[in-house]
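Undergrad: Compute the structure for the input listed below.
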Amino acid sequence: QLQLVESGGGLVQAGGSLRLSCAASGSIFSIDRMGWYRQAPGQQRELVASITPGGSTNYADSVKGRITISRDGTKNTAYLQMNSLQPEDTAVYYCNVLERRGSKSDAYWGQGTQVTVSS
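TA: Residues are numbered from 1 along each chain as shown. So this is what the prediction gives:
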């Protein structure tokens, strides 16, 4: 079974930067879309960014121009480079991976990593 390990969260001042990593390991067949979601206290989980195997990306309007998603297929790893962070970016960030096995697909979630932006 596929496992996801996230890293890179922490505390940063407004205007600062963080880089999150999400590494997939274990029994991997074929990773399709990789994405990052976030959930702030009392809020629903929302998509931050996603990337396809071909490199096509999708971003939430609130992060466009500040956050960049990328992936390294050789390492089965996705990255989230976050710049110009603001207090409203404070949340637990979750990695999400879609794995395809023939005609079937399964979604996996990471354990989450806390990002806190102080004003």
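Undergrad: Would you give the sheet partners of whatever helix or strand S21 lives in, along with the direction of each?
TA: Using DSSP states H and E, S21 falls within strand 18-26. Next to strand 18-26 in the sheet, as set by DSSP bridges, lie strand 2-7 (antiparallel), strand 77-82 (antiparallel).
Undergrad: got the contact list for the lengthiest strand in the chain?
TA: Counting residues, the longest strand in the chain under DSSP state E turns out to be strand 91-101. Strand 91-101 has contacts (Cβ atoms under 8 Å, 6 or more residues apart in numbering) with 2, 4, 6, 9, 20, 22, 24, 28-40, 43, 45, 48, 50, 78, 80, 105-115. From N, CA and C alone the C-beta is placed, and that goes for glycine too.
Undergrad: and the angle from that strand to strand 2-7?
TA: 150 degrees (axes from the mean of the first three to the mean of the last three Cα atoms, to 10 degrees).
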